[in-house]
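K.L.:
My questions are about this predicted structure, shown below with the sequence.
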Amino acid sequence: MNAATSLTFDHLPHPGIVPVSERQALLVDPGFGRVFTDHMVTIRYSEAKGWHDAQVQARAPLQMDPAAAVLHYAQEIFEGLKAYRLEDGGAALFRADANARRFRASAERLAMAPLPEDLFVESCRALVRADRAWIPEAEGGALYLRPFMIASEVFLGVKPSSEYLYMVIGSSVGAYFKGGAPAVTLWVSQDYTRAAPGGTGAAKCGGNYAASLVAQAEAIRQGCDQVLFVDAAEHRWIEELGGMNIFFVFDDGSIATPPLTGTILPGITRDSLTVLARDMGLTVREERYALDQFAADAASGRIREAFACGTAAVVTPIGRVRGEGFDFTIGNGGPGTVSSQLKAALVSIQRGHAADPHGWVERLF
Ligand code: PLP
Ligand code: COI
């Protein structure tokens, strides 16, 4: 049933793309997640037909039956990856195969039909080719791709859907944090946790983000940029941010990040930075790190830097950490040397300015 790992994409005629002058104006300062391209990809799945009907078509509102399963039981997963403009006007995808693998893993966790990985990558390529004019040229800009899948069976019984709609939309983006934030402040949530052992923390499903919003809203109310979650059992071990993984840089030149125990998202940026840090000769540890230790190490100077990382956030230094009854600064509160070096190493590979020793970059045109 799932045999088709490649399908031919039908390109439907577009009734009217955004005029060039309007598009150019939108690309000047797109922010994050507000400017959308002309096209979208859709692929359907049914138990009877498997994956079928792959289309590149005009971006348009969806028509859905109000009893579609996703609207009731949140059977939904998504991905986030970027296409980068290269200096010669070409464009490249970064580790789309890794996103394809994670999408498959998320599908399995949410009892959804896994999309063949080749088809995932091909769908991303198809959208970038159709919307090539939407890749910003400005430094820090990219075309953010949002592949996602929803349960489309019209049925109110609680069971895995027998039908799915997979889509890819594109958004021209700049920095995730307003003004490109030199360093962000985190708010540690004590009342809310993001994920528990056995839950869906390692899957990229919308439900995880829905569950994080009240904590993120609290962080904003407290004047912070992002929420930092600790583990559900002991409320002590640092896990990750609402939409990013976290790294710590120590005074002995080593770096550490929480291990993948099933409650945090296995970030592709996290993995890439781990590899690049080892290439740079740093020791990288994946180990549990307690919040009270973090505070003590920030005070003693054992921690020199901390940073958040993800596709949207790239590498964003963490300057300060606050919570009920505590408030500490990391290093000098601004970007540190190791964070800056790792960011530069990553970004230069993504943008084709440096060699790509790990084969992460795929030129599309
Ligand atoms: N953690 C969460 C909760 C995220 O939403 C993201 C973003 O995708 C990440 C971590 C970082 O993952 P990646 O580097 O694959 O973008
Ligand atoms: C991403 O980085 O792709 C995410 O999904 C995180 C979110 C903050 C947009």
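P.N.:
Yep, it's here. Ligands and ions are numbered 1, 2, ... in the order given.

K.L.:
Look up which residues are beta-bridged to the residue lying closest to Gly33 once chain neighbours are set aside.
P.N.:
Excluding the flanking residues, the one nearest Gly33 by CB to CB, 6 or more residues apart in numbering is Ser171, at 5.4 Å. Any C-beta I mention is one placed from the backbone N, CA and C, and that applies to glycine too. Beta-bridge pairing for Ser171 (DSSP bridges): Phe36, Tyr144.

K.L.:
Pull the number of nearby residues for Ser171.
P.N.:
Ser171 is flanked by 21 other residues according to other CB atoms under 10 Å.

K.L.:
Equivalent analysis for Glu234, please.
P.N.:
When neighbours are counted by other CB under 10 Å, Glu234 registers 9.

K.L.:
The stretch 201-350 of the chain against ligand 2: which residues are in contact?
P.N.:
For the stretch 201-350 of the chain, the residues in contact with ligand 2 (CB under 6 Å from any ligand atom) are Gly243, Gly310, Thr311, Ala312.

K.L.:
Now, of the residues you listed, which are buried?
P.N.:
Gly243, Gly310, Thr311, Ala312 (16 or more other CB atoms under 10 Å).

K.L.:
quick one: contacts for the second one?
P.N.:
Which is Gly310. Gly80, Gly243, Met244, Asn245, Gly267, Thr269, Arg270 (CB atoms under 8 Å, 6 or more residues apart in numbering).

K.L.:
6 Å instead?
P.N.:
Shown in contact with Gly310 (CB atoms under 6 Å, 6 or more residues apart in numbering): Met244, Gly267, Thr269.

K.L.:
Could you verify that Asp356 is part of a strand?
P.N.:
No - according to DSSP: H, G, I helix; E, B strand; the rest coil, Asp356 belongs to no strand; its state is coil.

K.L.:
need the buried ones among the residues of the stretch 201-350 of the chain next to ligand 2 in TSV with pLDDT and secondary structure, can you?
P.N.:
Output for those, formatted as TSV (pLDDT from 0 to 100; DSSP: H, G, I helix; E, B strand; the rest coil):
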residue	pLDDT	secondary structure
Gly243	96	coil
Gly310	98	strand
Thr311	97	coil
Ala312	93	coil
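
K.L.:
What is the nearest of the residues you listed to Gly206?
P.N.:
Of all those, Gly206 sits closest to Gly243, with 12.3 Å by CB to CB.

K.L.:
quick one: the closest one from ligand 1, how far?
P.N.:
4 Å (CB to the nearest ligand atom, to the nearest Å).

K.L.:
And Gly201, by the same measure?
P.N.:
Distance of Gly201 to ligand 1, given as CB to the nearest ligand atom: 8 Å.

K.L.:
Quick check: Glu137 vs Phe365, distance?
P.N.:
Using CB to CB, to the nearest Å, Glu137 is found at 15 Å from Phe365.

K.L.:
Select, from the buried ones among the residues of the stretch 201-350 of the chain next to ligand 2, the two members most distant in space.
P.N.:
Using CB to CB, the two most remote members of these are Gly243 and Thr311, lying 9.2 Å apart.

K.L.:
overlap in contacts of those two?
P.N.:
Joint contacts of Gly243 and Thr311 (CB under 6 Å, 6+ apart) do not exist.

K.L.:
So which residues on this structure come close to ligand 1?
P.N.:
Contact residues (CB under 6 Å from any ligand atom) of the chain with ligand 1: Gly80, Glu240, Gly243, Met244, Asn245, Leu265, Gly267, Ile268, Thr269, Arg270, Gly310, Thr311.

K.L.:
dump the residue contacts of Ile238.
P.N.:
If a contact means CB under 6 Å, 6+ apart, then Ile238 has Val230, Pro258, Tyr289, Leu291 as its contacts.

K.L.:
looking at this, Arg129 is in a helix?
P.N.:
Yes - under the criterion used here (three-state DSSP), Arg129 sits inside a helix.

K.L.:
Got the confidence number for it?
P.N.:
If you check Arg129, the pLDDT there is 97.

K.L.:
burial of Leu260, as a residue count?
P.N.:
Residues near Leu260, counting by other CB under 10 Å: 16.

K.L.:
Go ahead and confirm it touches Gly267.
P.N.:
No - using CB atoms under 6 Å, Leu260 makes no contact with Gly267, being 9.3 Å away.

K.L.:
now stretch 175-187, how far from the centre of its chain.
P.N.:
Chain-centre distance of stretch 175-187: 16 Å, with CA atoms, centre = their mean, to the nearest Å.
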